[in-house]
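1. Following is a predicted model, sequence given first.
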Amino acid sequence: MGVHTIGDLLLHAPRRYEDRRTFKTVRELSLGQSVTVRAKVVAAGVNRFRSGKTVFQMVLDDGTARLHCRWWNLPFLERVFSVGDDLLVFGKVHSLRPRTMDHPETEKVMADDEEQIHLNRLVPVYPATEGLTQRVLRGLTWQAVERFADLVPEMHPELKLVQLSVRPAVELGGRQLALEAHRLPPRSEAIRQVHFPGEPWMADLARQRLALDEFVTLQRTIQRRRRRLEANARALPCSGDNRWMRTFLARLGFPLTGAQQRVLKELRAELGGTVPMCRLLQGDVGSGKTLVAAGAALMTLESGFNVAVMAPTEILAEQLYRNFRRWFEGLGVVVELRTGSRKPDEPGGLLLEGARDPTKETPILTVGTHALIQPEFLPKKLGLVIIDEQHKFGVAQREELLRKGRYPHLLVMTATPIPRTLGLTLYGDLDVSVLDELPGGRKRIRTHVRPPSALPKVWSFVRTQLDAGRQAYLVYPRVDESEHDEVKAVTREHARIQEQLKPYRVGLLHGQMKSEAKDQVMTGFRSGFLHALVATSVVEVGVDVPNATVMVIENAEQFGLAQLHQLRGRIGRGGHEAHCILIAAEPTPEAEARLKVLVGTTDGFELAEADLRLRGPGELVGQQQSGAPDLRFGDLRWDRDLVELARDVVRRGFEAKELS
Ligand code: ADP
Ligand code: MG
């Protein structure tokens, strides 16, 4: 389990606690409740079914009533338990006639048990592994705590504990006492209490104390990196002179939102400042981040420096390339595209608009995918690096691109808002700008959840939208669980839908198509030649076709919340009301909760917080994201206050020169 030393053991966090000071009697048990009871085995045996399945059953009695416990397909349990055993069982009562628990956790009470460790107290229950019982692990931990906890030193002297108190992070059964803020204990005391707490609130307080140490460690790394950069780097003057900006803004055909104006002002100040910009641009889907990025790029180009823009997919890179080309037309800027399949010197990969003055170096804006990280890409005078959909890249990739210049400015953009806690930990070394306003004229997106049986109605609705001249996205994650070949599945769906929507033209888009083919389909859809698009989640990021007003997402229960929000953001970009229809077949309770959140709000900032709570940080951050913190006690879902506390403590430590 990765526990090699006594130190590891002391930091092996319990996953829950059991209150063994008083037990409920079997007679008192109520339905659906998770409880521990203590009772003796009065009967046990295995039933074997013709299907090959087995069920091991035990009947327990505590003197007040009998409790049946059942385990499926674990026949060896027959050798583990015997009639007469004194047992503790923890589980949920799922029926009262007879009283039954399925697959409860069990622990045998031994005659020689030291009561102070295993009984008559709050006992820790640990993540364990086969062959290692809770009793053994608990006994070892007890010894380690007794003998060594007092030797554990403080990690962070800048944590002046006397000044810090915290509220409970989790609901502790509404105990009045727990609602008060408590002074944090020293680290050694916290280790003792996290394993063998006197009261539940003490365990919570101890966990928060140890979590705070973790967050402080993390913040030290983050803030040190930032401070080093600020001390060493000289910023390039990239705030521009407005000579192209005016034309660019005038030609857009719409005014910037107030938020876009405010953020552009922030960026201009930083691009002209003394320290290289390191900024995260957050904004909901459709808030117009690309335009802000274009503005920052233009300031840099006006200043005579080059710009690199990296996007996670070819589709997105090509779309950015197309936008920048259109926006910067005639300004005398070179816009080039560099992806896995396109080099700037190939047809379609490079565009020089307007007259190129041979006496001057023409500033270059390069848009690309991961190809920008390759050694062949050697930009000169790199002034600004922009990374779109940052969550698809790791910190290492970001750094690699930055190293192609001498302290260029950095602007990273997120696909959807990220919860504040994650922002402070994953992007803690970045300043944040927020686009908290959507461009005007956006119509509401209505979201509906429907079972597969409603599909005929859904198709006729899609048809009415196509009849009205609108366009539709039809999204498939994977058609069924057993389908390993996603491409085959989506191709088959495509044929079916084409038939369904005749005579409308339906395109097909998936990640494994060649980039020319993808391009052709996207061009067809953008121009309105294709009326509908069957796609895998490749349309998730960035794709922008304002005339599309319907999105049907099949097997919606298989997608995460952020992804569904990002997908849904593809519609409602024009002046027509939009509909997102989520088809869900027998969603799990979690999936159902997710879909419900989605129906309830279109606010990405709200969704981000809900998503973090539902799925936890690991999932949210994604596998590609390196630098995701490894936390034993901290929990990014609930510990926002601690993360902020850690950030402030560390900042003060640096400012007071207690840290360096
Ligand atoms: P995202 O923030 O999701 O990346 P985009 O940058 O793709 O959003 O912008 C979404 C759409 O809104 C694009 O079609 C863009 O041209 C348009 N847009 C951006 N800013 C404005 C604005 N101020 N007024 C009207 N439309 C805008
Ligand atoms: Mg975008």
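-> Nice, I can see it. Ligands and ions are numbered 1, 2, ... in the order given.

2. which SSE is the residue of the stretch 551-660 of the chain found nearest ligand 1 in?
-> Residue nearest to ligand 1 within the stretch 551-660 of the chain (C-beta to the nearest ligand atom): residue 573, separated by 5.5 Å. Every residue, glycine included, has its C-beta placed from N, CA and C. Using DSSP states H and E, residue 573 sits in no helix or strand.

3. Can you tell me the closest non-neighbouring residue to it?
-> Once flanking residues are discounted, residue 573 sits nearest to residue 546: 4.3 Å by C-beta to C-beta, 6 or more residues apart in numbering.

4. SS state for that neighbour?
-> coil (DSSP: H, G, I helix; E, B strand; the rest coil).

5. Could you report the separation of it from ligand 1?
-> Distance of residue 546 to ligand 1, given as C-beta to the nearest ligand atom, to the nearest Å: 6 Å.

6. can you count the residues close to that residue?
-> Neighbourhood size, residue 546 [other C-beta atoms under 10 Å]: 15.

7. And for the one 4 residues further on?
-> Look at residue 550: counted by other C-beta under 10 Å, it has 23 neighbours.

8. can you check residue 155 too?
-> Neighbours of residue 155 under the rule other C-beta under 10 Å: 15.

9. quick revisit: list the contacts of the residue nearest to residue 573.
-> Each residue near residue 546 by C-beta atoms under 8 Å, 6 or more residues apart in numbering is listed here: 573-575.

10. ok, now which ones touch residue 497?
-> 474, 506, 532, 534.

11. out of the residues you listed, who's near ligand 1?
-> Subset of the contacts of residue 497 in contact with ligand 1: empty, counting by C-beta under 6 Å from any ligand atom.

12. Distance of residue 427 relative to residue 339?
-> 26 Å (C-beta to C-beta, to the nearest Å).

13. and if you look at residue 116?
-> Distance, residue 116 to residue 339, using C-beta to C-beta: 66 Å.

14. With neighbour numbers in mind, choose between these two.
-> residue 339 (21 against 10).

15. now the end-to-end length of stretch 298-307.
-> Distance across stretch 298-307, first residue to last, is 9 Å (C-alpha to C-alpha, to the nearest Å).

16. now it: how far from the chain's centre is it?
-> Offset of stretch 298-307 from its chain centre (C-alpha atoms, centre = their mean, to the nearest Å): 33 Å.

17. What of stretch 553-560?
-> Distance, stretch centre to chain centre, for stretch 553-560: 17 Å (C-alpha atoms, centre = their mean).

18. model confidence over that stretch, on average?
-> Per-residue pLDDT over stretch 553-560 has a mean of 87.

19. contacting residues around that stretch?
-> Here stretch 553-560 makes contact (C-beta under 8 Å, 6+ apart) with 449, 452, 474-479, 493, 537, 564, 567, 580-588, 591-592, 594-595, 611, 615, 619-620.

20. one more time with 6 Å
-> Contacts with stretch 553-560, where a contact means C-beta atoms under 6 Å, 6 or more residues apart in numbering, come from 475-477, 582-584, 587, 591.

21. who does the longest strand seen in the chain touch, helix- and strand-wise?
-> For the chain, the strand that runs over the most residues, judged by DSSP state E, is strand 34-48. Applying 3 or more C-beta pairs under 6 Å, 6 or more residues apart in numbering; DSSP states H and E, we find strand 34-48 packed against strand 54-61, strand 86-96.
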